[in-house]
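Novice: pasting a predicted model and its sequence here:
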Amino acid sequence: MKSLTFAATLLSSVACLSATPSWAQDETVPQGDAAGAASDIVVTARRREERLQDVPVSVTAFSAEGLARSNVQTASDLRTVTPGFTIASEGGKDTMALTMRGIGNLPQGEGTPGVVMYVNNVPLPIVGSNIPTYDVSGVQVLKGPQGTLFGKNTLGGAVLVNTQEPTYDLSGYVQGIYGRYDHKELEGALNIPIVDGKVALRVAGQIRRQDPRIHAIDSGPGFDDIHQDSFRVSLLLEPTDWIKSLTIYEYSKANELAGGLNLIRQNFPMAAIDPGLAPLDVQIQEQLALQRQHEYGSFDGGVNGGFANRKATSIINNTSLTFGDITVRNIFGFRKNYSDQLINTGATNLSLPVGPGVEVPFTLFYASQLGQRKYLSDEFQILGEVGNLNFIVGAYYNKDQSYGPGGSQFTAFSVGGVPANAITSHVTNENKALFGQIGYKITDRLTFNAGMRYSWDKVSACGGAIGTGYVDNDTCREVAALNIIDGVGTIKNKGKAPSWTIGLDYKVNPDWLLYVVSRRGYRGANVNTPAFESRFTTGGNDPLCIYGNGVCPDLRAFQKTGKETVTDVEAGSKISFRSGEARGHFNISAFYSKYKNALQFLNVTGIVPNEAPDTPSNTAFGANISDQSIYGVEFEASVSPAPSFTASFNGAFTKVKIDKVVLPAGIPTGITFSPENINKFTPSFSGTFAINWILPIHPADGDLVFDADLFSTADFGGQNGEKLPGYNLVNSQLTWRNVASSGLDLGVFVKNVFNEKYYASASVLLKSFPISSAYLGEPRIWGVKARYSF
């Protein structure tokens, strides 16, 4: 009742505040660079094409032109143009943990997302999700639970990326960029009509190179270079006017140095762990001083730059058959991912005296991971309209599993740099679902919307230290079947749950939409890997368990996790307006969410010793700990007083309240946990102000277009309640479009104009660990670009 009262009050408020002096009728003709205005963007938030302003969901959408104006080059750049949306890379450059409305990713199993990215309607895994955004037709960021139409784990929202489809025109483009750090980029696309109106092919690709932008303070090649190759082939078949089939093959590869980490602070003396480690405290303080002198530097620590190597291939087919007002559609996706990473997570280069004049390397924290996984999904839909009713019903299947050796090796507090055991880890996830959603027009203006999805989940895992390296899933299960107490075992879990949505939307007039909606989403039951069965993880005694003074932690109660649920209420208003040449839009929404049985991750770095054969994957495990209330207001506004000028402002205010904390019994010694340790992922505020101005001069019959934006964020979530400081970024570019009517565009751009140093993501941000480290954001980047379209 409290949630419904809140929504009703908000809906009344936004209705009163949204008065506008002049209404457009049915015109959606683009004006200047305002072509990306909200009234013109088509979205698929409800799995059908609709105008953004007609969708009763909070959505931030970008056309291809809008992405170019904001200089969005990879998916991770979306965080600076989308309010309330953060992206972390705790697992390395290849991993994107997406966060919206206070809900994010946990380093559990193969990664448990709270926000899911879809490319051409197929979900992406967390590892491999930092994709380049070349030849993209648009991006949509859907906020709030999307479980009815997009499935489990979309508690906070979903991100939809669509690539350009083939057309029946011979056309294309080629674009080159050169910039700071010897940044070189070449991309292009060619569209070929093979049989007019029947068969078309589009081939696109991108090559990116850049020298390291973070130098090594000690010695080494540096960090954060770029070495990426990608291409995509899309084939469109339309043999009749009622059959459409689009097949997309994509390949990408990157062989790069690891991300650069900053040493932020020392949390407590190493001598507090062991008096024999006291000499390291002097070195850490010296290296902190050096770090402050070298803002864009990192300590190599003997990893020779580390590495972030990855490769992905995928094939997608979207086939639809249209029979009048009924469409039958099938979406098939298959993807293979390879990822191999090594990072000096401790962000130091230490050595420990072991005798007169004798020192040996001391590894504070190295992280190494190898993943080889394949993903299969298929979704069948029937959608259509019958009188005042529109509907969609369907079935979904997904399975992901490893296809080769894989696991993690997290070395902590190692004298002599002796690596920890390589912990093999294999997780197989399977999801089945049935779903349906309707929209019924009660009147010409009032529509009732309702939908439901029921999902069945299974997860099984095998892992542990087997030999000196990683093994494949079959070998792991063969060893586990021996039932030896060696830390190698299998774990299973399963669950089922409904997701639903129900709401009303009301068209005050053709350009003003009011809506209220309530939704339920869930994140499925899971497992922590590997099987906890050695003395190091079952409460045994061993002097290597230094945090417990020889008593090891008992993690058996945390082997499995239960499902989480989010139930929300959202009320909103969407307005488009025009008065003479002026045009604009103003969208506002308010939400209130109840987040039940929320998972938190507990880090056991150093608590479970390197010698353990069953160290938790990623040195952390998840536990259902808290209930939370999350609420806030989001808005987007733009105004074009003239066709040549557009100003826009968007923002998100988010508040997280901890309702209840249930401290699990048996939390290991060394883990400090309290309500203050609950991670609040989303900043209390983030927003962007942007302008787009076609200058009143036209050299060589072209247009000079100036774009600039200011992104600002408050402190945002790191780990276990610790936050990273907020920051402000200014980006700008000047483009000379269509020079001499030739199809040639020339431009110059600057990202992070004022060279603000900021942290983009946490690495280790735990007061229970001796130091804290974080990934650096981009320094000032400048460049020039040329694009020729035909």
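Specialist: Ah, there it is. Residues are numbered from 1 along each chain as shown.

Novice: mean confidence score for stretch 299-306?
Specialist: Summarised as a single mean, pLDDT over stretch 299-306 is 90.

Novice: how close does the nearest residue to S499 once chain neighbours are set aside get to I315?
Specialist: Leaving aside its chain neighbours, S499 sits nearest to G147 (3.0 Å; criterion: Cβ to Cβ, 6 or more residues apart in numbering). C-betas here are computed from N, CA, C, even on glycine. According to Cβ to Cβ, to the nearest Å, G147 stands 26 Å off from I315.

Novice: higher neighbour count, these two?
Specialist: Under the criterion of other Cβ atoms under 10 Å, the comparison of G147 against I315 puts G147 first, with 30 against 15.

Novice: does that one touch K563 like I think?
Specialist: No. Using Cβ atoms under 8 Å, G147 is not in contact with K563; the gap is 11.6 Å.

Novice: all helices of the stretch 451-600 of the chain, in order?
Specialist: Assigned by DSSP state H, counting those that start in this stretch, the stretch 451-600 of the chain shows helices spanning 473-480.

Novice: do the same with the chain
Specialist: Using DSSP state H, the helices of the chain run over 2-17, 64-69, 147-150, 278-293, 473-480.

Novice: sorry, back to before: ok, now how distant is the residue nearest to S499 from I214?
Specialist: 39 Å.

Novice: that older thread, worst average pLDDT in the helices of the chain?
Specialist: Averaging pLDDT over each of the helices of the chain puts helix 2-17 lowest, since it has a mean of 40.

Novice: contact partners for L376?
Specialist: 333-334, 397-400 (Cβ atoms under 8 Å, 6 or more residues apart in numbering).

Novice: bridging residues for it?
Specialist: Here L376 sits in beta bridges with F334, K399, going by DSSP bridges.

Novice: what's the pLDDT at it?
Specialist: 96.

Novice: roughly how far does it sit from R445?
Specialist: For L376 relative to R445 (Cβ to Cβ), the value is 43 Å.

Novice: same question, Q341
Specialist: Taken as Cβ to Cβ, the span from Q341 to R445 is 54 Å.

Novice: who has more neighbours, the two?
Specialist: The residue with more neighbours, out of Q341 and R445, is Q341; 24 against 14, by other Cβ under 10 Å.

Novice: residue contacts, K660?
Specialist: 626-627.

Novice: what's the pLDDT at it?
Specialist: 89.

Novice: may I ask which helix or strand of this protein has the lowest mean pLDDT?
Specialist: helix 2-17 (a mean of 40; mean pLDDT, DSSP states H and E).

Novice: bridged to Q206, which residues?
Specialist: Going by DSSP bridges, Q206 forms beta bridges with E187, S230.

Novice: pLDDT score assigned to R556?
Specialist: 89.

Novice: neighbours of it, how many?
Specialist: Neighbours of R556 (other Cβ under 10 Å): 13.

Novice: my read: it touches T537, true?
Specialist: Yes. Using Cβ under 8 Å, R556 is in contact with T537, at 7.4 Å.

Novice: can you pull the residues that touch both of these two?
Specialist: Counting by Cβ under 8 Å, 6+ apart, nothing touches both R556 and T537.

Novice: ok, V639 - contacts?
Specialist: 582-584, 646-648.

Novice: what is the nearest of the residues you listed to D472?
Specialist: Proximity of those to D472, judged by Cβ to Cβ, is greatest for S648, which lies at 50.6 Å.

Novice: pLDDT score for the nearest residue to that closest one once chain neighbours are set aside?
Specialist: Of all residues not flanking S648 in the chain, S638 sits nearest, at 3.8 Å (Cβ to Cβ, 6+ apart). For S638, the pLDDT comes out at 95.

Novice: how close does the nearest residue to T154 once chain neighbours are set aside get to V139?
Specialist: Spatial nearest neighbour of T154, chain neighbours left out: Q146 (4.1 Å); criterion: Cβ to Cβ, 6+ apart. Distance of Q146 to V139, computed by Cβ to Cβ: 15 Å.

Novice: which stretches of the stretch 1-150 of the chain form strands?
Specialist: With DSSP state E, counting those that start in this stretch as the criterion, the stretch 1-150 of the chain has strands at 42-43, 50-51, 59-63, 85-88, 97-100, 115-119, 122-123, 136-143.

Novice: to W693, which of those strands lies closest?
Specialist: W693 lies closest to strand 59-63 among the strands of the stretch 1-150 of the chain, at 18.1 Å (Cβ to Cβ).

Novice: sheet partners, orientation included, of the closest one?
Specialist: Sheet pairing for strand 59-63, assigned by DSSP bridges, gives strand 136-143 (antiparallel).

Novice: residues in contact with the residue most central in space within the chain?
Specialist: Computing the C-alpha centroid of the chain and ranking residues by Cα atoms, centre = their mean puts L98 first, at 3.0 Å. Counting by Cβ under 8 Å, 6+ apart, L98 touches 85-87, 104-105, 113-117, 129, 156-157, 159.

Novice: okay, those in CSV with distance to W736 next?
Specialist: Output for these, formatted as CSV (distance: Cβ to Cβ, whole Å):
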residue, distance to W736
F85, 32
T86, 34
I87, 32
G104, 41
N105, 41
P113, 41
G114, 42
V115, 38
V116, 39
M117, 34
S129, 34
G156, 40
G157, 37
V159, 32
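
Novice: most neighbours among the residues you listed, which one?
Specialist: Highest count within the contacts of L98 by other Cβ under 10 Å belongs to G156, 32 neighbours.
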